[in-house]
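Participant: After the sequence you'll find the predicted model.
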Amino acid sequence: MALEFEQPIIELEARIRELREYADAGGVDLSDEIGLLERKLEQLQRETFGRLSRWQRVQLARAPGRPTTLDIAQHVFEDFIELHGDRAFADDPAVVAGLARFRGRSVVIVGHQKGKTTKENIHRNFGMPHPEGYRKAMRMMDLADRFGFPLISLIDTPGAYPGVSAEERGQAWVIAQSIQRMGRLGVPAIAVILGEGGSGGALAIGVGNRVLIMENAWYSVISPESCAAILWRDAAQAEQAAEALKLTARDLRELGVVDRVVPEPGGGAHRHPERAMEELARALAEELAELEPLSPEELRKDRYRRFRGMGAVRVE
Amino acid sequence: MALEFEQPIIELEARIRELREYADAGGVDLSDEIGLLERKLEQLQRETFGRLSRWQRVQLARAPGRPTTLDIAQHVFEDFIELHGDRAFADDPAVVAGLARFRGRSVVIVGHQKGKTTKENIHRNFGMPHPEGYRKAMRMMDLADRFGFPLISLIDTPGAYPGVSAEERGQAWVIAQSIQRMGRLGVPAIAVILGEGGSGGALAIGVGNRVLIMENAWYSVISPESCAAILWRDAAQAEQAAEALKLTARDLRELGVVDRVVPEPGGGAHRHPERAMEELARALAEELAELEPLSPEELRKDRYRRFRGMGAVRVE
Amino acid sequence: MALDRLFRRRRTRGGGRDVPELWLKCPSCEAQIYKKDLEASLMVCPECGHHFRLDVEARVRLLADEGSFTVTTGSVHPEDPLEFTDIESYAERLARYQQQTGRPDAIYGGTCTVGGVPTLLLAMDYAFAGGSMGSVVGEEIARGAERAAAEGRAFVIVAASGGARMQEAALSLMQMAKTTMALDRLWAERLPYVSILTDPTTGGVTASFAALADVIFAEPGALIGFAGPRVIKQTIRQDLPEGFQRSEFLLQHGMLDRVVPRAELKAELARVLGLLHPEGVPPDGA
Amino acid sequence: MALDRLFRRRRTRGGGRDVPELWLKCPSCEAQIYKKDLEASLMVCPECGHHFRLDVEARVRLLADEGSFTVTTGSVHPEDPLEFTDIESYAERLARYQQQTGRPDAIYGGTCTVGGVPTLLLAMDYAFAGGSMGSVVGEEIARGAERAAAEGRAFVIVAASGGARMQEAALSLMQMAKTTMALDRLWAERLPYVSILTDPTTGGVTASFAALADVIFAEPGALIGFAGPRVIKQTIRQDLPEGFQRSEFLLQHGMLDRVVPRAELKAELARVLGLLHPEGVPPDGA
Ligand SMILES: [Zn+2]
Ligand SMILES: [Zn+2]
């Protein structure tokens, strides 16, 4: 399932592995050769990942193997206990939520969850929540506020589910409510875009005091494919749409939409999820430390200021 | 559709009407005879309604023609505008809600609604709400709190709907939430039991600073029929169950469950709804005047004190 | 996001004014209606009650008390932060819409009274880029809410929008949070906010400020939802249920307070504002 | 209200102790189980995992840290405010249940630690009048919440109840409001409340304090709902769906956080209390 531009890297990695096995088996010293190839690999990774197109980043953002909400709940946090249900209609497997500990403090986690297999993806509706998923998220926000725990939200969705069932149960209403609820939190809120940040379905849990994004994630008002289908009238123009939408981590940092880009290890988070999660843990710890001295009122004001300033207008 | 014990009254009324018509038509003066019969009627009403059994009160409480939430919204209040929906699943016709004016002030109204015809009764599920009805009620509580308007709740239900659809959508959960939400109101809340006050489905909107009851209404943890079916193993023992449950306005006043009994005109509210509503309006105005000087915190404390003291226990 | 119809609008201004335009065909009952008659009936088909879209200035005339309206929008202009180009550049599109409507972006409104209640009234302009919400719409709504809060006014928004504006990408997405959060200014002052949904209201507009009002009205038959019908059809690969995503469907599903025919809209709005804002005093500044 | 099974219980104490009672038949898989084995496995069928009802004292032993428990219930006794009589008088029923259980009413509990977290733990006793909630149950729960708040304890209730107690009529209904409102004392102190639903939990208990916890656990296969299955069947005149009103069904419908097998209950409870009450300090008074 490797992406096209990853092929040279993967082949070089395989060569290094073979050499190493050969050296080990035969008792031959090939450390010079191996060292050379490893430096070459590093250079190749740097070059490849340094000049990725926006569309290639989108593909990376969707690559299987990237850390998901559940991975992070279990590896970045300790003592994770998953909580279920919206107390009104259903438990939505596309949203995962619960309590956990992070460096000694209790936190509340909520995030989109895609599957790792086709079967799990169907079960989790490919990370596209129904209204009950957002109601579960709001319940977590209530919990965080009630106990004064920070809220960490993890975003990875192509978008909220666009189906009849979701419309019938007020998809738009619940997204609006969730945005509002999160804006009102009296506790530190950090949102992280892990992979895909698709539109309102992402923003619904994205109203953080800080918004972080993984280096190869994307975040926008629409997916490149849908944008292309509408504006170019041809979904195949997704590559061009991705360029136009300026949806990469670096773009968003420049636009002021995100506050911090979490670096991914060479080759991307899908190839080295543990190291990516270490980087994320470091970033979360630093950001939380800055937010925790603030009072509930200061946190609300900080969030208001953050989002009130968004946009590009000229006043005459 | 008259009840058995009403027959003599209704017959006497008819006789008086005939006499009056005869006198008018023939130009005869029968005022002495009519006056005599009117005094007799008054006496008969007093006697009949003075010695009604609890079971007869239950039948009166269910009599068609009694003022419903919509009648009261339109006649006790002014400028009523009905608001719909729970913003999550459906609009429940078994619960009616809206804004209105009462003697100059804005108020929020919410109440159970039975139908006046079979067709309307089916539409309104005989006044038995689904979870969405209680969510609509909670939305009204939010509205009252947001604007500082008093909440008037009008109770008339055999109970919350006991069906599969209601269970699936969390009937128990939503009743608990509604009790909690109403208990937390920072505005004056007055609950009135208009006819039937059936169990948790009634209490869900019954957590008032004041709880009023119409003279011929009932309020209990279970209907006499269901109670008889369980304890006597025979629903036909409802009359006995009604006696045992002590579910009439006077009983409840003695138990401290209600604060005030709103008198019904001779013959019952179903025969003279306008006069019954006048009595209700007077009672509401007096109770509201007492509550309005209280602060949100005082109102919450008052409600806590009221319900915290409920029950009969002996501490050793 | 039902933005798909965004750029296929017929021109409403600047087109040649030849004879056939005196008559319009009702898309619902197919009756031929004389245009002047339609305008006299508030753009509601006299035959079947179909609600045509209403121009924002006509909307303000319909809702504001006569002589009470002062425009407050218009000073905020769009930028092109992404230098966005598809088959046409965003800059060109903006220029064209500005020329056609005579306004900088897809929103119009100001201060007024409605039934005597001091109000800040905004109407989204579907004729401008499908009423899509970019930075300007978001900014005007946030300013409107803040101003209403400062001046003790009720806040009313007439929504008509295909959703967020793609050409501002993530920045237009952020307007959903910005507008939503600005609404809290109103409630801090116990001021009401009424949302009026008209045909169509979808996408990021429904999923933010439009859905969060104290009272939500909709005009009859309006298309209202999150995803557009075409996207949904592609998702489920089935035909959509009859009446799906129309006002009456939304009412049944608990999302709206009332479906109000245009002829009664002013009276109902005045009534509800009078109840929600009983201490509304005439504005002095503004 | 699923009170219908309330008075058909087999006697659990005071009955003749003859040989057949050494063996029990699992109602789920019909296996014959040696009673001592069943008790050793926490009253969970070793064959199929069916959860038998657990006695309140065994429940406390299961959940409280060893040696940490001090009983606080028992001083509140029931009255007969309505002088209620059906085919038997309420006073007689009460006397019988009190004799059978050795406790004044259908609730038992006290202070303890759970995984080190100071806790006030209450368990409803289905063996006493079907765990029905009258004034005493309501009072003990309100007192428990108030005491937990005053002493900085987490609050845990193990629910098992047919609902409200009919023989106290409107007064038992009022316990729903009383218990619900008392819970706010906990949250004012940022103290957690965990509800554990066991077989069966229905009626006014589900529809008040049991449904309002920060975290809700249920044991596998427990009957949980508002109306009892028989009442529902009468209402809809159809068979009920498979698994209807069982824990797993409730979880799917979003009402529960977790379905937890009895063997894991203590560990999960300790974990969640540790997370929700991290500053829990050992009690000093109590
Ligand atoms: Zn027509
Ligand atoms: Zn078994």
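Facilitator: Thanks, I have it. Nothing here was measured: the structure is a model prediction, and the numbers come from that model. Numbers count the residues shown, from 1 in each chain, chains lettered A, B, ... in the order given. Ligands and ions are numbered 1, 2, ... in the order given.

Participant: Give me the neighbour count for the residue in chain A positioned nearest to ligand 2.
Facilitator: As assessed by CB to the ion, ligand 2 sits closest to A:His84 within chain A, at 26.2 Å. C-beta coordinates here come from the backbone N, C-alpha and C atoms, glycine included. Residues near A:His84, counting by other CB atoms under 10 Å in any protein chain shown, number 24.

Participant: for A:Glu254, same thing?
Facilitator: Count around A:Glu254 with other CB under 10 Å applied: 12.

Participant: Give me the pLDDT value at it.
Facilitator: In this model, A:Glu254 is scored at 97, pLDDT.

Participant: What helix or strand is it located in?
Facilitator: helix A:249-255 (DSSP states H and E).

Participant: Next, C:Glu21: secondary structure please.
Facilitator: Here C:Glu21 is helix, with the state taken from DSSP: H, G, I helix; E, B strand; the rest coil.

Participant: Would you confirm that it contacts C:Leu38?
Facilitator: No: contact criterion CB atoms under 8 Å: C:Glu21 and C:Leu38 do not qualify, at 11.7 Å.

Participant: Ignoring the adjacent residues along the chain, who's closest to the one residue in the stretch 201-316 of chain A that gets nearest to chain D?
Facilitator: For the stretch 201-316 of chain A and chain D, the shortest gap (CB to the nearest CB) falls at A:Pro296, measuring 12.5 Å. Nearest-residue entry for A:Pro296: A:Gly186, 3.0 Å, with adjacent residues in sequence omitted and distances by CB to CB, 6 or more residues apart in numbering or on different chains.

Participant: just the strands in chain A please.
Facilitator: In chain A, the segments counted as strands under DSSP state E are A:78-83, A:95-102, A:105-112, A:151-157, A:189-198, A:210-214, A:218-220, A:260-262, A:313-315.

Participant: go on, the stretch 1-150 of chain C?
Facilitator: For the stretch 1-150 of chain C, the strands defined by DSSP state E, counting those that start in this stretch cover C:23-25, C:32-34, C:70-71, C:76-78, C:107-114, C:117-124.

Participant: For C:Val156, pull up the helix or strand it's in.
Facilitator: strand C:154-161.

Participant: low pLDDT regions in the stretch 51-200 of chain A?
Facilitator: For the stretch 51-200 of chain A, not a single residue meets the criterion pLDDT under 70.

Participant: Around chain D, which positions in it sit nearby?
Facilitator: A:79, A:81-92, A:99-101, A:105-106, A:132, A:135-136, A:143, A:146-148 (CB under 8 Å from any CB of the partner chain).

Participant: give me the subset of the residues you listed touching ligand 1.
Facilitator: With CB under 5 Å from the ion as the criterion, no member of these is in contact with ligand 1.

Participant: now those residues: which count as buried?
Facilitator: A:79, A:81, A:83-92, A:99-101, A:106, A:132, A:135-136, A:143, A:146-147 (16 or more other CB atoms under 10 Å in any protein chain shown).

Participant: Next up, the contacts around the residue of chain A closest to ligand 2.
Facilitator: A:Asp91, A:Ala97, A:Lys136, D:Leu251, D:Gly254, D:Leu256, D:Asp257, D:Arg258 (CB atoms under 8 Å, 6 or more residues apart in numbering or on different chains).

Participant: Residues touching the lowest-mean-pLDDT helix or strand in chain C, excluding its own?
Facilitator: Here the helix or strand of chain C ranked lowest by mean pLDDT, DSSP states H and E is helix C:229-236, holding a mean of 88. Contacts to helix C:229-236, defined as CB under 8 Å, 6+ apart, come from residues A:161-164, A:167, A:226, C:1-2, C:4, C:223, C:227, C:239-240, C:244-245.
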